[in-house]
Structure formats: C-alpha cells, structure tokens
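Colleague: next one to model:
(one chain, ligands or ions: 1)
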Amino acid sequence: MFRIGSGFDNHRLVPGQPLWLGGVELDSELGCEAHSDGDVLLHALTDALLGAVGGGDIGELFPDSDPQWKDQASSLFVEAALERVREAGFVVVNVDATIFLEALKLSPYKQAIAARIHELLQPFGKLAENAVNVKAKTMEGCDAVGELRAVAAQVAVLVESRA
Ligand code: MG
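Modeller: Prediction:
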C-alpha cells in the first residue's frame, strides 16, 4: 500500500540570522527569525512525513511554546517524524520539494540539499539514488518572498508499507 503526505512552511527573513534549508547552511545576509533553526524545508518535510501516516503535525509534536525546542536543529523533527513512519509500518519511497526564495540563487545548493535530505531519510527508507528532488522558485517579486521578506517550502512524500 502506498500513501502520500504533503507539507508547507514559511518563515520571515531578517538580516544577520543564519539561513538553513534542508539541513544545509546557506551563505546569505538574510536568515530566519524562528524558534528552532528556522529550516522551512525540514519543517515542511516533517509535516509531509507525519501527514503520510496520519501522524498529526509538527506543531503538535514540537510546540514552539516549549523551550526545549528552542534553537534545535530541525533534523531532530525529521527523525521523530521518521520514527512515526516506521512505527506505522511504512518506508519512504521518494520526496519532491520546492523552495520559494528570492533573496539568493539556490542553484549552487540544490544538489547538497537533496543529498542531505537523502542522508536523513535513508535509515528508514528504500530510497533510490534519484528519490529526493529539490526545486527552487522565486515568486517574481509579487509577494513577501518576492520582496525578500520570507522563505517558504512545499514538500510531497510517498511512503510504502513494508509488508
Ligand atoms: Mg517552521
């Protein structure tokens, strides 16, 4: 049996903060103002993984009112969601992600981001070499992303039952 999940996240961009996407730190003058490391791609991935197995959402698992998640690496959220996937009897088949960012060009980073996500998922997956796809878009200047004030990500995940 196959199931799908989808996730979305966005964060405000401000000067002088680090910018993490997919577990990779980008060389950027703008970064995320956030409770954790502000990695919208890993947050969207976490929600997609949870969604695929009816596991709720990232806010239920890791409330941003809880100080223990302050400044945490978001890979921790992905690992917890993967544990839910495993407990439900599924493995990850593939991931398709889109990042929305105007502040800098992502082309130099896309391969590294896909490789990092592949590495995070592989322990609980049966991921083919090309199973993680990362796309990048601008918003053509027409909203907060376009005005350099935000970064957003959208992720779809397919999982398959192990049985
Ligand atoms: Mg977030």
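
Colleague: give the rounded mean pLDDT of the strand ranked longest in the chain.
Modeller: Determined from DSSP state E, the single longest strand within the chain is strand 2-15. Across strand 2-15, pLDDT averages out at 96.

Colleague: what about the strands in the protein?
Modeller: Ranges of strands within the chain are 2-15, 19-21, 24-26, 30-32, 90-100, 132-137, 150-161, based on DSSP E.

Colleague: now do stretch 115-127, average pLDDT.
Modeller: 87.

Colleague: any buried residues in stretch 55-64, and which?
Modeller: Gly55, Ile58, Leu61, Phe62 (16 or more other CB atoms under 10 Å). Placement of C-beta: from N, CA and C, glycine included.

Colleague: what does this protein put close to the ion?
Modeller: Within reach of the ion by CB under 5 Å from the ion, the chain has these residues: Asp9, His43.

Colleague: just for the chain, where's the confidence low?
Modeller: 124-125 (pLDDT under 70).

Colleague: and the closest residue to the ion within it, how many neighbours?
Modeller: Ranked by CB to the ion, the top residue of the chain for proximity to the ion is His43, at 3.6 Å. Look at His43: counted by other CB atoms under 10 Å, it has 27 neighbours.

Colleague: ok, what's across the strand from the closest residue to it other than its chain neighbours?
Modeller: Spatially, and ignoring its direct neighbours in sequence, His43 is nearest to Asp9 (4.0 Å; CB to CB, 6 or more residues apart in numbering). Judged by DSSP bridges, the bridge partners of Asp9 are Ala153.
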